[in-house]
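Novice: Following is a predicted model, sequence given first.
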Number of protein chains: 2
Amino acid sequence: MIERLAIIGVGLIGGSLARALRAAGAVREVVGCGRALPNLEKARAFGVIDRFTQDPAEAVRNADLVFVAVPLGAMRGVFDAIREHLQPETVITDGGSVKGSVVLDASAAFGALPPRLVPGHPIAGTEHSGVEASFAELYRNRRVILTPLPDTDPDALARVQTMWETCGAEVTLMSVAHHDEVLAATSHLPHMLAFGLVDALARMRENDEIFRYAAGGFRDFTRIASSNPVMWRDICLANREALSAMLARFGVEMTDLAESIRRADGDHLLEIFARAKAARDRSIEQSH
Amino acid sequence: MIERLAIIGVGLIGGSLARALRAAGAVREVVGCGRALPNLEKARAFGVIDRFTQDPAEAVRNADLVFVAVPLGAMRGVFDAIREHLQPETVITDGGSVKGSVVLDASAAFGALPPRLVPGHPIAGTEHSGVEASFAELYRNRRVILTPLPDTDPDALARVQTMWETCGAEVTLMSVAHHDEVLAATSHLPHMLAFGLVDALARMRENDEIFRYAAGGFRDFTRIASSNPVMWRDICLANREALSAMLARFGVEMTDLAESIRRADGDHLLEIFARAKAARDRSIEQSH
Ligand SMILES: NC(=O)c1ccc[n+]([C@@H]2O[C@H](COP(=O)([O-])OP(=O)(O)OC[C@H]3O[C@@H](n4cnc5c(N)ncnc54)[C@H](OP(=O)(O)O)[C@@H]3O)[C@@H](O)[C@H]2O)c1
Ligand SMILES: NC(=O)c1ccc[n+]([C@@H]2O[C@H](COP(=O)([O-])OP(=O)(O)OC[C@H]3O[C@@H](n4cnc5c(N)ncnc54)[C@H](OP(=O)(O)O)[C@@H]3O)[C@@H](O)[C@H]2O)c1
């Protein structure tokens, strides 16, 4: 049982955690924290949180668990604000999409990485934002990656792992660097392609007409381009290196593909498409 | 009422047209044609067609309407095979994803473009192939683009338009070149990105692990990479010019994006992402 859970950033990710833990009867009191009052008032009206404050220091007072779910660019400020106000036994974890930057921000704010901070990332989400987009089932049957460091307290790690499992998630441990590379490939690069495609089309003169003839495949393909721009700016800046490497790798692939089209090399195109289809069909089977 | 409809290529597109017209009671007899017997036997067993032949010339005998729905690379062969066997009043149309190549193939096969040939393209589909993937509702509330030429017979055009409207589709007329440009942007380029992304990841050493951490957004984003590789090879070859131009335009966009990440230009990234999100949200609203 979590006696007092502080959620800093009561949006899709923070709100869904609170809802899931409440639904499981695993938390006694939830304190929400954010900047804008309307979102916090909505969160209380929905029953996602019991009370709120706009002051992170106040939010973490006597909390046994703190979950930080603000955009990555706001992590450092939150850590600075709560640093002096944690109980020695308080466990801190987060939901940020990049782990290297969170570890750096926490290390800078706290002087060194606190042993009771467990960096984490739920591999779950939608293209919507804010507490009204949150729901208790978001994490059910989804993976959560935790990236403990050598000094991470095993009890803190166990508590965070149990918290996520209570929400129906499957927890995997991974190094910080490995997490950031895997996510650059499976999430950050695809978001760049979707944003880049939609922006390229939007900038064409005939863009209204183009979007009119976009069918079902296009809608699914570009869904992630409706994601929160601030959150994605922060992810790009936070995972600059791994994402740049993936963009370069993808650039090589596309140059090869474009060259094959230009020289009408049907055999090579068929080879690329067949390999991609086989890999996707296989990966979808695995995940069912 | 269509007395005898010949479907050359009884797959997703051809099979769905037959099903829709049957469901609407708009066709008396459907003759199917293809190369492989099992698919044709399945089509007859499902009631999609009444009878079949492997000979296109035989299939079009006394048909009042012929629908050609084979991969683009097979269009020329079909036109050659049926050329001498059409009634003067037979209307021909097709479902090919590129219109310039179909017009060229027909012109070459027939000596000149037959006035009763109406090039067409239903903007509807899935990533599945074959008659077992077909369904009567595929075209309902979807767009169909017809690209008549100056010499196209108005009666033939009207018959084809009525046929699609009977399936619940909304018909738009467009020039061949314009169709091929719009589709390069909204369909062909997105498929290249999906195939390219999945292939790039599949070729990484850690590819098994990477696909394991791919979440819901990735699955939607890459769905179109499960499409038929032969069909897509043919589309690339058939729409080489317009697709190459779109790939180049996308390349410029991605170079700009990658550069902004490399120099940590958060303002420019935010601008790109916000413009893309606004364009997608707007286009989705329009289409509802
Ligand atoms: N969305 C996804 O698919 C997804 C998936 C996995 C992980 N994540 C990660 O989860 C985190 C939250 O994302 P989200 O999707 O939940 O975003 P969200 O719905 O926009 O929620 C973020 C919340 O943080 C608050 N916030 C922003 N800046 C703040 C600050 N300086 N101090 C305190 N609160 C602040 C916002 O409220 P105010 O504006 O009122 O302050 C908002 O309620 C991000 O780090 C993201 O990378 C997202
Ligand atoms: N799938 C989509 O999303 C979509 C959307 C709009 C338009 N289109 C276009 O529609 C056409 C058909 O696509 P589809 O998705 O229906 O493909 P499909 O499900 O694979 O069906 C194609 C059919 O054509 C037959 N075929 C192939 N080569 C042939 C040949 N040389 N002579 C006679 N029949 C032949 C195949 O049967 P056999 O192998 O037994 O001959 C198969 O039944 C393509 O031109 C495509 O560009 C597709």
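Specialist: All right, it came through fine. Ligands and ions are numbered 1, 2, ... in the order given.
Novice: Of all residues in the stretch 101-250 of chain A, which one is closest to ligand 1?
Specialist: The minimum distance from the stretch 101-250 of chain A to ligand 1, using C-beta to the nearest ligand atom, falls at residue A:125 (1.9 Å). In short, each C-beta sits where N, CA and C put it, glycine included.
Novice: shouldn't that residue be in contact with residue A:15?
Specialist: No. Look at residue A:125 against residue A:15 with C-beta atoms under 8 Å: they stay out of range, at 12.0 Å.
Novice: out of the two, which sits in the more crowded spot?
Specialist: residue A:15 (29 against 24; other C-beta atoms under 10 Å in any protein chain shown).
Novice: Enumerate every residue touching the residue of the stretch 101-250 of chain A closest to ligand 1.
Specialist: Shown here is residue A:125, whose contacts under the criterion C-beta atoms under 8 Å, 6 or more residues apart in numbering or on different chains are A:12-13, A:138, B:215-217.
Novice: next one: residue A:92
Specialist: The contact partners of residue A:92, taken as C-beta under 8 Å, 6+ apart, are A:65-66, A:68, A:82, A:86, A:114, A:116-118.
Novice: confidence score at it?
Specialist: The predicted local distance difference test score for residue A:92 is 98.
Novice: list the contacts for residue A:54?
Specialist: Going by C-beta under 8 Å, 6+ apart, residue A:54 touches A:33-35, A:37, A:40.
Novice: I'd like to know which of those residues is nearest to ligand 2.
Specialist: Using C-beta to the nearest ligand atom, residue A:34 is the member of these that lies nearest ligand 2, at 44.1 Å.
Novice: The closest one contacts residue A:52, doesn't it?
Specialist: Yes. Residue A:34 lies in contact with residue A:52 (C-beta under 8 Å); the separation is 7.3 Å.
Novice: what touches both of the two?
Specialist: Any residue near both residue A:34 and residue A:52 by C-beta under 8 Å, 6+ apart counts here, and that gives A:10, A:40.
Novice: Please say which of those two ends up with more neighbours.
Specialist: Here residue A:34 and residue A:52 are compared on neighbour count by other C-beta under 10 Å; more neighbours surround residue A:34, at 25 against 22.
Novice: how far away is that one from residue A:92?
Specialist: From residue A:34 across to residue A:92, the span is 17 Å (C-beta to C-beta, to the nearest Å).
Novice: Then residue A:58?
Specialist: When C-beta to C-beta is the yardstick, residue A:58 and residue A:92 sit 16 Å from each other.
Novice: what do you get for residue A:33?
Specialist: Residue A:33 sits at a distance of 13 Å from residue A:92 (criterion: C-beta to C-beta).
Novice: Equivalent analysis for residue A:278, please.
Specialist: Residue A:278 sits at a distance of 43 Å from residue A:92 (criterion: C-beta to C-beta).
Novice: quick one, strands of the stretch 101-250 of chain A?
Specialist: Secondary structure of the stretch 101-250 of chain A, counting by DSSP state E, counting those that start in this stretch: strands at A:117-118, A:120-123, A:143-146, A:170-173.
Novice: Quick check: residue A:203 vs residue A:56, distance?
Specialist: Note on residue A:203: its distance to residue A:56, by C-beta to C-beta, is 40 Å.
Novice: what about those two, which has more around it?
Specialist: Regarding residue A:203 and residue A:56, a neighbour count based on other C-beta under 10 Å identifies residue A:56 as having more, with 23 against 14.
Novice: Quick check, the more buried one in contact with residue A:74.
Specialist: No. Because the distance of 10.1 Å does not satisfy C-beta under 8 Å, residue A:56 is recorded as not touching residue A:74.
Novice: Got phi/psi on the residue nearest the centre of chain A?
Specialist: With distances taken as C-alpha atoms, centre = their mean, chain A has residue A:97 as the residue nearest its mean C-alpha position (3.6 Å). Dihedral angles of residue A:97 (phi, psi; degrees, to the nearest 10) stand at phi -80, psi -10.
Novice: Ok, residue A:30 next?
Specialist: Taking degrees, to the nearest 10, you get phi -120, psi 120 for the backbone angles of residue A:30.
Novice: Just list the residues touching it, thanks.
Specialist: Residues touching residue A:30, when contacts are defined by C-beta under 8 Å, 6+ apart, comprise A:4-7, A:18, A:21-22, A:48-50.
Novice: again, only using 10 Å
Specialist: Residue A:30 is in contact with A:2, A:4-7, A:10, A:14-15, A:17-19, A:21-22, A:43-44, A:47-52, A:63, A:65, A:67, counting by C-beta atoms under 10 Å, 6 or more residues apart in numbering or on different chains.
Novice: next one: residue A:202
Specialist: Shown in contact with residue A:202 (C-beta under 10 Å, 6+ apart): A:208, A:210-211, A:225, B:272, B:275-280, B:282-283.
Novice: Out of those, which is nearest to ligand 2?
Specialist: Here the nearest of the contacts of residue A:202 to ligand 2, counting by C-beta to the nearest ligand atom, is residue A:210; it sits at 17.1 Å.
Novice: Tell me the predicted confidence for the closest one.
Specialist: Per-residue confidence (pLDDT) for residue A:210: 85.
Novice: Using CSV, write out every CA atom in the helix or strand encompassing residue A:283.
Specialist: Residue A:283 is part of helix A:266-286, with elements assigned from DSSP states H and E. This file holds the C-alpha atoms of helix A:266-286, laid out as CSV (Å, rounded to 0.1, in the frame of the first residue of the first chain):
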residue,chain,number,x,y,z
GLY,A,266,12.6,-3.7,-59.3
ASP,A,267,14.5,-6.6,-57.8
HIS,A,268,16.1,-4.6,-55.1
LEU,A,269,12.9,-2.8,-54.3
LEU,A,270,11.1,-6.2,-54.0
GLU,A,271,13.9,-7.4,-51.7
ILE,A,272,13.6,-4.4,-49.4
PHE,A,273,9.8,-4.5,-49.2
ALA,A,274,9.7,-8.3,-48.7
ARG,A,275,12.2,-8.1,-45.9
ALA,A,276,10.3,-5.3,-44.2
LYS,A,277,7.0,-7.1,-44.5
ALA,A,278,8.5,-10.3,-43.1
ALA,A,279,10.0,-8.4,-40.1
ARG,A,280,6.8,-6.6,-39.3
ASP,A,281,4.5,-9.7,-39.7
ARG,A,282,7.0,-11.6,-37.4
SER,A,283,7.1,-8.8,-34.8
ILE,A,284,3.3,-8.5,-34.7
GLU,A,285,3.0,-12.3,-34.2
GLN,A,286,5.5,-12.2,-31.3
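Novice: And ligand 2, is it touching that?
Specialist: No. Shown here: helix A:266-286 not in contact with ligand 2 (C-beta under 6 Å from any ligand atom), separated by at least 12.9 Å.
Novice: So what's the gap between that helix and the chain middle?
Specialist: How far helix A:266-286 lies from its chain's middle: 28 Å, per C-alpha atoms, centre = their mean, to the nearest Å.
Novice: what pLDDT, on average, does it get?
Specialist: The average pLDDT within helix A:266-286 is 92.
Novice: tell me which residues in that helix are buried?
Specialist: The neighbour-count check on helix A:266-286 (16 or more other C-beta atoms under 10 Å in any protein chain shown) flags A:268-270, A:272-280, A:283 as buried.
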